[in-house]
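>>> Predicted model and sequence follow; I will ask about them next.
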Amino acid sequence: MFPPCLPVYFFAFPMNERSLQTALAHLNIGGLRYFDSIGSTNDEALAWAADGARDFSIVAADEQTRGRGRLNRKWFTPKGSAIAMSLILRPAADLRPHLARTVGWAALAIVKACAELGLAARIKWPNDILLDAKKIAGVLVEAVWSGDDIDALVIGVGINVRKESVPPAAALQFPAASLEDALGKEPPAREEFLARVLDAFIHWRARLRTDELIQAWNEALAFRGEQIQIHAGDETPSAGEALGVETDGSLRVRHADGKIVLVRVGDVSLRPRA
């Protein structure tokens, strides 16, 4: 359950550092850096993490000019319309064996926040969040290393809130929409929705090691039990039935010949098969 004290405001207000601090006041964050405009919140967060940022520090921006997703794809974040946030985490020793689940953890946080608005979001493995089979959010996880150990994780989150945040159709590789499209009315203030996402991050962080997280990931998995097409780098696309997510975050797929394979996060994307 999420704190009942968080109201849902269906009005559009400009986001700024003060309004964001107010929305996040109930959270024990490590620090906050807010920008009216920035190249990439992940780049800023990676540099801050390398410079000693505390656990659960946040970089947020009203606009990104060089936002990016997986596979070096551009992420469209126009001014006043979307959430662009990067969360810095210092993983405790007991969580380190389970860091392969991080992308699912982040995706589930967005799914939970959407559920608070009455929206049934789904996770397109590994890192996209869908509403009505259209992409409304994406996750990019990057690491700061100290020798062979991960010193910090940076979880970049981009969420389309207002209609203006959706890229032009010609720029899309997958259908996209916004919270405003899905709700059919004015969406929540961006800082209020971001607060809900961060509450959900905390909820799932306490469960990262558990089967509960994997079960929830599978329950929210888009195209589960359906035929999908898998694109891996320059290889010829393969097809199969999406069966579910394994404990390490890999996707279990059954090919037409009955062979079951595990697809791991990397230079991989998938689509529903027509």
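Nice, I can see it. As the structure is a computational prediction, the values presented were derived from the model and not from experiment.
>>> Need the contact partners of stretch 43-55.
The contact list for stretch 43-55 (CB atoms under 8 Å, 6 or more residues apart in numbering) reads 30-31, 33, 35, 38, 57, 59, 66, 86-90, 142, 144, 151-152, 154, 156. C-betas here are computed from N, CA, C, even on glycine.
>>> again, 6 Å this time
Contact with stretch 43-55 is made by 30-31, 59, 86, 88, 90, 144, 152, 154, as judged by CB atoms under 6 Å, 6 or more residues apart in numbering.
>>> Any of the residues you listed buried? List them.
Buried subset of these (neighbour count, 16 or more other CB atoms under 10 Å): 30, 59, 86, 88, 90, 144, 152, 154.
>>> For the fourth one, give me its contacts.
Contact criterion CB under 6 Å, 6+ apart gives 45, 49, 53, 57, 152, 154 as the residues in contact with Ile88.
>>> and which of the contacts of stretch 43-55 is nearest Ala242?
Distance to Ala242 across the contacts of stretch 43-55 (CB to CB) is lowest for Val154, with 28.1 Å.
>>> Could I get the contacting residues of the closest one?
Val154 neighbours (CB under 6 Å, 6+ apart): 42, 45-46, 49, 86, 88, 142.
>>> name the helices or strands packed onto the helix or strand bottoming out on mean pLDDT in the chain?
Lowest on mean pLDDT, DSSP states H and E among the helices and strands of the chain sits strand 268-272, with a mean of 77. Using 3 or more CB pairs under 6 Å, 6 or more residues apart in numbering; DSSP states H and E, the elements in contact with strand 268-272 are strand 227-232.
>>> quick one: the strand it packs on to strand 268-272, angle?
With axes from the mean of the first three to the mean of the last three CA atoms, to 10 degrees defining the directions, strand 227-232 sits at 160 degrees from strand 268-272.
>>> Run through the neighbouring helices and strands of strand 227-232.
Helices and strands touching strand 227-232, by 3+ CB pairs under 6 Å, 6+ apart, are strand 238-245, strand 268-272.
>>> list the helices and strands the first one packs on?
By that I understand strand 238-245. Against strand 238-245 (3+ CB pairs under 6 Å, 6+ apart) you get helix 211-219, strand 227-232, strand 251-254.
>>> Domain map for the protein?
Domains of the chain are assigned by automatic domain parsing as 17-219, 227-272.
>>> Show the end-to-end separation of stretch 88-108, please.
Length of stretch 88-108, first residue to last, CA to CA, to the nearest Å: 17 Å.
>>> buried set for that stretch?
88-91, 95, 98-99, 101-108.
>>> all helices of the stretch 1-150 of the chain, in order?
Residue ranges of the helices in the stretch 1-150 of the chain, as given by DSSP state H, counting those that start in this stretch, are 17-23, 41-50, 102-115.
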